[in-house]
Structures are given as structure tokens and as C-alpha cells.
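Q: show me how the following folds:
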Amino acid sequence: MDPAGGCPHADNARLLAAGPVAPVLLPGGVEGMAVLGHEALKEFLAHPDVAKNARHFAALQAGEIPDGWPLKTFATVQGMTTADDADHRRLRSLVSKAFTARRVEELRPRVEELTGRLLDGLDRAAADADGTADLRRHFAMPLPMGVIGDLLGVDAEHHDRLHHLSDRIVSTDIAPADVLAANRELVALLGAVAQARTEDPGEDLTSALILAREEDGDRLGAHELIGTLLLMIIAGHETTLNLITNAVRALCAHRDQLALVQEGKAGWADVVEETLRWDSPVSYFPFRYPVRDLAVGGTVIPRGTPVLAGYSAAGRDRSAHGPDADRFDVTRTTEARHLSLGHGPHYCLGAPLARMEAVTALRALFTRFPDLDLAVPEERLTRHASFVGNSVRALPVRLRPGT
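A: Numbering: from 1, shown residues only. Coordinates of the predicted model:
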């Protein structure tokens, strides 16, 4: 895997041509596997003999993974993404009430209000510059960060720093010393958030998690609390940030598809689902581990191997999505739904919120700026320095023609 990331789709196509499962070399020469094919990934994600807990990570348990390894946090953080069975159900139940359909609907007015305010700021940023503004910085990032910050009771003054540190955590070309520094600072900052909510509890999820821990001390350990907050911050804004960014890029590159939505021949929810399939916000997510030698897609994955879930590859798997899987089509109807929000017991808990935020953002953005377009050619956009996150680092746009 190229630690510098870049656009994954050409490499995905090459790997898929050889089969639905591929051996990969992770940073530091660590051997792993990637499950790329749609059906193989769907089977793997829900397989009862696949674990998330790093006690099943053979190389880690053998002491072969050093501190500062850029993917180590994904394996060792204590929370839902590294828990199995009863532990996973316990942790998931503690936060699930914040993401029910009813709770998400209650958040809609706040999302709409924040969206309008951020669009005002985007407009001002373009007016202050040369008619262009970075949509990612001024709109796509602060929207989901603001929403997850509200949910968790995180003061707005911390949002920019939390985003910066989250970005460091998901980078795969980061130096070991920088990995350790980012982890230390993020844990310290989240510890300060937890302390603030302990001293001054509110109607937020962090306060509720702390209360659950105090009422029944074995329900949520101290490390699990910080790990859960870390997961919620990163997953709660990085993926939606990439989703909004990738959807805008796709629509600007496919004006005919944008016209279908603007003419009422397709919906904004269709745009979101097609973006999730066509340009998944997460390319390869670490890690899962077979607890025994496991045959998937005709390939045996040895017990204890760290496995990447290849969401961006599965989204363009022609065997599932047809010979035109590389085409962005908001009217697409296939039996095979994308897997970009996961599958099985670890299906994304925040999926309803992410969908609502993205639909709200895109509808408001293109209603206010129907002629919005990229300010630079797609090929000049700088990609994430990561094979985990899949997007660009900045998205300069022109809000109106002639500016």
C-alpha cells in the first residue's frame, strides 16, 4: 500500500482484475490482506470467524509492531471498532440512542441552521479572495464537526485542533514521532473534554457516557471512554467531510447528473448513495483478523492476518455493479447496494446522521449556488496522504460564473 495515498481507483481496478482478495504490504513491511470484491467483502464483514480485537493480530502480539507505526491506533484504541461480541454490544448500546432515526430527525433544524450559517461564511470567503473559496475548509469540514461537537458537548474552540489531530491519525505516511505526538495530544484533549463534562455535565453524549460509567463502574472503563470519544470525533466528521467533498467533485465533473437533480429527475439522497458507491469516503479501513485460516473469495487468509476492508474497490466492482461501474450515475439501480458504511455487526452507527447531513448540505449548497464549479481542474487537486481516507486536501470552488 502506498503510504502517500492518492486516487485509489486505478490500483483498485488492477487488483480486482486479479481477484477479490489480495495480499498487501502495509507500512513498515507488515504483511496483510485486502478484501476488495463486493461479495467477498460483504461475506467477510459479517463472518463469525472474523474479529476486531487486536489480541487476534498475530504480528502485534508477537511484538513485531513498533510504537509509532502509523496504523497502530486503528488496532489498539479501546472502543467499538476494536471490540467483539458482548463487549461490542455493550459499547454500542451506550451510544446508539444518540443515532436513532428519531434523534437524527430532532437534529435536522440544527443541521439546517448551521448549514445556512456556513454558506454565508463560504460566500464571504469567496468575496474576500479572488472569487474562489476552499469549500472543504469553510463548509464541508465545519458542518459535521459542529454537529458531532454538539452531540458530544465539545466546545467550539477545540474543533479546529480536533480536526487537525484526526487528520494526523488517519494519515498513513506520517513519521513515528509525529504519530506518537498526535496520539498524545488527542488523548490529552479528549481527557480535558471528559473532565469538563464531569465537572459540568449537560445534555450531551459525553455526559451520558460518564454517568453510565459512574452508575455502574464496569460498563465503561476510563480508556474506553477516551477511545469512544476518539472514535466518535474521527468517524463522526472525517467520513462525512469526505462524503460532501467527493459529492461536490462528482457533480461538478458530471454536470448532466447535477442537472437531473436540479430538474427533479433524481434526488439529493440519490447523489449521496451514488457518491458512497462511486467514490467512497473511506478507501481501505483497518483492521479485521480471521480467528482461523479463512477462505474468502477463493483465497485463504491466514489466522491473525491484519485485513483491510476495501470499500472504494468494492464500490466499483463490475461483478456487482455492472460493466459501467466506473460511471457516476445518480439514477443507478442495482440489487447490490454499496458497502461504504459497512455491513454486519459493525455497520456504521452514524449512517443516518451522515446521510442527513450530506443531503442537507448538498441541497442547500446547490440551491444557493446552482452554478458552483471547481476553480481548478480535478487533476490539480491534492489528494489525502492516506490510503484510509479517500478525498482531496482542499476543494477550491467558484460560487458564481464570471467570478
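Q: lowest average confidence, helix or strand, in the chain?
A: Lowest by mean pLDDT, DSSP states H and E among the helices and strands of the chain is helix 205-215, with a mean of 79.
Q: CA-only coordinates of it, as PDB, when you get a sec.
A: Output of helix 205-215 as PDB, limited to C-alpha atoms (Å, rounded to 0.1, in the frame of the first residue of the first chain):
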ATOM      1  CA  LEU A 205     -23.400  12.200  24.900                       C
ATOM      2  CA  THR A 206     -20.100  12.600  26.800                       C
ATOM      3  CA  SER A 207     -22.000  13.500  30.000                       C
ATOM      4  CA  ALA A 208     -24.300  10.400  29.400                       C
ATOM      5  CA  LEU A 209     -21.300   8.100  29.000                       C
ATOM      6  CA  ILE A 210     -19.600   9.500  32.100                       C
ATOM      7  CA  LEU A 211     -22.900   9.000  34.000                       C
ATOM      8  CA  ALA A 212     -23.200   5.400  32.800                       C
ATOM      9  CA  ARG A 213     -19.600   4.700  34.000                       C
ATOM     10  CA  GLU A 214     -20.300   6.200  37.400                       C
ATOM     11  CA  GLU A 215     -23.600   4.400  37.900                       C
END
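Q: so residue 33 touches residue 307, yeah?
A: Yes: counting by CB atoms under 8 Å, residue 33 touches residue 307, with 4.9 Å between them. Heads up, the C-betas are built off the backbone N, CA and C, glycines and all.
Q: overlap of the contact sets of the two?
A: Common contacts of residue 33 and residue 307 (CB atoms under 8 Å, 6 or more residues apart in numbering): residue 301.
Q: for the residue nearest the centre of the chain, which non-adjacent residue is closest in space?
A: For the chain, the residue nearest the mean C-alpha position is residue 239 (2.7 Å; CA atoms, centre = their mean). The shortest distance from residue 239 to any non-neighbouring residue, by CB to CB, 6 or more residues apart in numbering, is to residue 281 (4.5 Å).
Q: list the residues that contact the one you found.
A: Counting by CB under 8 Å, 6+ apart, residue 281 makes contact with 238, 239, 240, 241, 242, 243, 246, 340, 389, 390, 391.
Q: same thing with residue 273?
A: Contacts for residue 273 (CB under 8 Å, 6+ apart) come out as residue 338.
Q: give me the mean pLDDT for the strand or helix carrying it.
A: Assigned by DSSP states H and E, residue 273 belongs to helix 268-278. For helix 268-278, mean pLDDT rounds to 97.
Q: next: stretch 384-403.
A: Per-residue pLDDT over stretch 384-403 has a mean of 91.
Q: with just CA atoms, put stretch 233-244 into PDB.
A: What follows is stretch 233-244, C-alpha atoms only, in PDB (Å, rounded to 0.1, in the frame of the first residue of the first chain):
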ATOM      1  CA  ILE A 233     -14.800  12.500  16.700                       C
ATOM      2  CA  ILE A 234     -12.900  10.900  13.800                       C
ATOM      3  CA  ALA A 235     -15.700   8.800  12.400                       C
ATOM      4  CA  GLY A 236     -18.300  11.500  13.100                       C
ATOM      5  CA  HIS A 237     -16.700  14.100  10.900                       C
ATOM      6  CA  GLU A 238     -13.900  12.800   8.700                       C
ATOM      7  CA  THR A 239     -16.200  10.500   6.700                       C
ATOM      8  CA  THR A 240     -19.000  13.000   6.200                       C
ATOM      9  CA  LEU A 241     -16.400  15.600   5.300                       C
ATOM     10  CA  ASN A 242     -15.100  13.400   2.600                       C
ATOM     11  CA  LEU A 243     -18.600  12.400   1.500                       C
ATOM     12  CA  ILE A 244     -19.700  16.000   1.000                       C
END
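Q: how distant is that stretch from the center of its chain?
A: Here stretch 233-244 is found 5 Å from its chain centre; the criterion is CA atoms, centre = their mean, to the nearest Å.
Q: please apply the same query to stretch 380-398.
A: The answer for stretch 380-398 is 14 Å, by CA atoms, centre = their mean.
Q: same thing with stretch 230-242?
A: Offset of stretch 230-242 from its chain centre (CA atoms, centre = their mean): 6 Å.
Q: any weak-confidence spans in the protein?
A: Residue ranges of the chain with pLDDT under 70: 213-219, 335, 402-403.
Q: what's the spacing between the nearest residue to residue 331 once chain neighbours are set aside and residue 118?
A: Closest residue to residue 331 apart from its sequence neighbours, by CB to CB, 6+ apart: residue 266 at 5.5 Å. Counting by CB to CB, to the nearest Å, the gap from residue 266 to residue 118 is 25 Å.
Q: then residue 292?
A: 49 Å.
Q: can you check residue 258 too?
A: Distance of residue 258 to residue 118, given as CB to CB: 20 Å.
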